[in-house]
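S.K.: Please work out how this folds:
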Amino acid sequence: MTASAGSIIQRFRAAIRHSLAARLLTIAVVSVFGLVLMGWIAHAQFNAQLLRLLIDPEIESVADDLIGNAGPGLSDELILRDLPYDPRYLQPLSGRYFQIALVRGDGRLQTQTISPSLVDAEIRLPPNVLREIAAARPGDGARYFSINGPDGGDLRIVTRLEAIPEVEGRYVFVVGVATAAILAPAANLVGWAFAVFVIFCALMVAAVSVLQVRIGLEPLHELQRDIAAVRRGDADRLDGDYPAEIQPVTDELNALVDHNREVVERARRHVGNLAHALKTPIAVLKNAAASGGEDAVMKQSIEEMEAFVERQLRRARVAARAEASAGATIAYRTPVLQNLEDLVFMMEQKYDSTKAMDISIEAETDVTFRGEREDLLEMAANLIDNACKYGASQVIVRLLPAFDSKGLFEIVVEDDGPGLSDAEIARAMERGARLDEAAPGQGLGLSILQETVELYAGELIFERGQLGGLKARLRLPATD
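M.R.: Coordinates of the predicted model:
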C-alpha cells in the first residue's frame, strides 16, 4: 500500500468517525456497488440459462442424428449415411459445425469426418476434455462446454463418445454452435433491462440516502438549534419534541444545564456568605486601627487584606458564572451599548469635579455580550476609569461588532494621555505591578481584568492610540 493510498484511507476513516452523513452515504455507495455486482451475476446466470435452454437441446439433437446416421463403409471405416438436416452445417463458417474423430489407443484424436461448414479447419478440444474422453467409456453421456470457435467467437460444444456397431474403435462426436448470433438479441434486451433495473435501484438508494441525511438527521439539527438557543439565553431548557433515540441525550443535556445553574447559584450563595463573614471583621479592624491613632502599618495591612478579599470574591463570582472550558456562559445575554452609555455617564459624574474630560461613544450598532452584565460593567469600567484617570482631556469609547470567525465583538477605549511603552504594558499586566505609585489602589485592577477576559475566552490588547495615549482593545464573545 502506497503512502497516498494510506492517507486516503486515514481521511476516509476520520470522515466515517466524525460524520453520520458520511456513514449513511458510505452505506449507500456500498449498496449501489452490491446492486451492480448482483446485476452482473444475474446477467451471467441468465446467459448460462439461455445456453442450456436454447443451444444445448439443438446440438444434442444434431449429435443424436450424427450417431444414428453413422455406420460402416466398404472398408469397415466409419461413414455418415446422411448429413444433418440443417443446411447451415453445409455453409462455410456458418456457425454450425460438427466433427467425428477416432480415439486412438494413446488417447489422441484422429479426425475422420468434418462438416463442410468447417472448410479446412478443425474443432480443437481443450486438454482437460481430451483427458476425460480418453478415460471415458462409450455411452457415458454428453459433455457441454464453451471454446473459441474457428470464426473467433464463443462456440458451444457437446461431445458424445460412442461405439458404432460393425465399426472398430471408439468415436467422439463433436457438435458446436456459435452462440453470438443466437444469444445476442436476447442478451442485449436482458442486458438493457438489467442496466435499467440497476440504475433505477441505484437512484432509489441515492434518493433514500439523501432523505435519510436531510430528514433522518433533521432532529439532530433541531437539537443543535435548541442548544444554541439555550446558550444564547433565548431558552432555559431543551423542550423540543425529539425522537426516542435522541430523547435520552436531551434529558442528559437538560440535567447538565440544571446542574450548571445549581452550581452557579450555590457559588453565588457561598460568595455572599463569605463576603458577609469577612467584611464585618475587617470593618471592625479598620475602626480599631483608626481609633488607635498613628498605627499606619496596621492600617495598611488591613487595607491590603480588604483588597485581597475583594479580589478573591470577584474572582469566585466570575469563575462560578463562566464556563472555563468554552469561555461562555449558559443563558446570559447582555446588551452592550446601553451599559457603555451608563458607564460613560457615571465616569463623567465622577471626574467632573476634578478635570475637564470629554468622554464620547462611537457605535454603528448594538451587540449582545454572551455573559453577565456585572462582568461586562466591571471589565469596561476598569478600562474607561484608567483612561479617564491618565488621559489629558479626551477619551473615546468605540463599540465594534463581531468581525471574524471567532465571534468576538470589540470595545476600544482610547485616551490622549502619555500612554505606555511595550515594557510598561507588560509590567501593567503583571499581578500587583503598578506604574504610577502615586495613584490610589492596590495594583490589582488590570490583572483581575485579564483573568476575567480569559475566563470568557476573550482578548485584551494594548497599543499606541491615534490620540497619542493608550489604546485598549477588549474583545469578548458575542451572541445573536
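S.K.: switch to C-alpha atoms for all contacts and neighbour counts from now on
M.R.: OK.
S.K.: ok, how many other residues are close to D375?
M.R.: Taking other CA atoms under 10 Å as the criterion, the count of residues near D375 is 20.
S.K.: now swap in D76 and tell me
M.R.: 11.
S.K.: So it: helix, strand or coil?
M.R.: Taken by DSSP: H, G, I helix; E, B strand; the rest coil, the conformation at D76 corresponds to coil.
S.K.: Who are the contact partners of it?
M.R.: Under the criterion of CA atoms under 8 Å, 6 or more residues apart in numbering, the contact partners of D76 comprise 166-168.
S.K.: Do a quick rundown of the helices in the stretch 151-300 of the chain.
M.R.: Counting by DSSP state H, counting those that start in this stretch, one finds helices in the stretch 151-300 of the chain at the ranges 180-211, 218-232, 247-291, 296-321.
S.K.: Check the ones you listed for me: which has the lowest mean pLDDT.
M.R.: Lowest mean pLDDT of those: helix 296-321, a mean of 64.
S.K.: Partner strands of the helix or strand that it is followed by and their direction?
M.R.: Using DSSP states H and E, the helix or strand that follows helix 296-321 towards the C-terminus is strand 334-335. Taking DSSP bridges as the criterion, strand 334-335 sits next to strand 368-369 (antiparallel) in its sheet.
S.K.: average model confidence for the helix or strand just after the partner strand?
M.R.: Secondary structure here is assigned by DSSP H and E; on that basis, the next helix or strand after strand 368-369 toward the C-terminus is helix 373-390. On average, the pLDDT along helix 373-390 is 89.
S.K.: Pull helix 373-390 out as PDB, backbone CA atoms only.
M.R.: Backbone C-alpha positions of helix 373-390 (Å, rounded to 0.1, in the frame of the first residue of the first chain) are rendered in PDB as follows:
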ATOM      1  CA  ARG A 373     -24.000  42.300  32.900                       C
ATOM      2  CA  GLU A 374     -21.900  42.700  36.100                       C
ATOM      3  CA  ASP A 375     -18.800  41.200  34.400                       C
ATOM      4  CA  LEU A 376     -19.200  43.400  31.400                       C
ATOM      5  CA  LEU A 377     -19.500  46.500  33.500                       C
ATOM      6  CA  GLU A 378     -16.500  45.500  35.600                       C
ATOM      7  CA  MET A 379     -14.200  44.900  32.600                       C
ATOM      8  CA  ALA A 380     -15.300  48.000  30.700                       C
ATOM      9  CA  ALA A 381     -15.300  50.200  33.800                       C
ATOM     10  CA  ASN A 382     -11.700  49.300  34.500                       C
ATOM     11  CA  LEU A 383     -10.600  50.400  31.100                       C
ATOM     12  CA  ILE A 384     -12.600  53.600  31.000                       C
ATOM     13  CA  ASP A 385     -11.700  54.600  34.500                       C
ATOM     14  CA  ASN A 386      -8.000  54.100  33.700                       C
ATOM     15  CA  ALA A 387      -8.400  56.100  30.500                       C
ATOM     16  CA  CYS A 388     -10.100  59.000  32.400                       C
ATOM     17  CA  LYS A 389      -7.500  58.800  35.200                       C
ATOM     18  CA  TYR A 390      -4.500  59.100  32.900                       C
END
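S.K.: Now the element after it, going C-ward?
M.R.: Past helix 373-390, the next helix or strand by DSSP H and E is strand 394-400.
S.K.: who touches that following strand?
M.R.: Contacts of strand 394-400 with the rest of the structure, by CA under 8 Å, 6+ apart, involve 337, 357-366, 384, 387-388, 409-416.
S.K.: before we move on, what about stretch 103-120?
M.R.: Residues lying outside stretch 103-120 but in contact with it, judged by CA under 8 Å, 6+ apart, are 78-79, 88-102, 122, 130-131, 133-134, 150, 169-172.
S.K.: ok so, going back, just the buried ones among the contacts of D76, please.
M.R.: The neighbour-count test (16 or more other CA atoms under 10 Å) marks V167 as buried among the contacts of D76.
S.K.: okay, the residue lying farthest from the centre of the chain: pLDDT?
M.R.: Among residues of the chain, the one most distant from the C-alpha centroid is L74; the distance is 85.3 Å, by CA atoms, centre = their mean. Per-residue confidence for L74 comes out at a pLDDT of 78.
S.K.: Show the backbone phi and psi for it.
M.R.: For L74, the backbone dihedrals are phi -60, psi -30 (criterion: degrees, to the nearest 10).
S.K.: now do E364
M.R.: Backbone geometry at E364, expressed as degrees, to the nearest 10, gives phi -80, psi -40.
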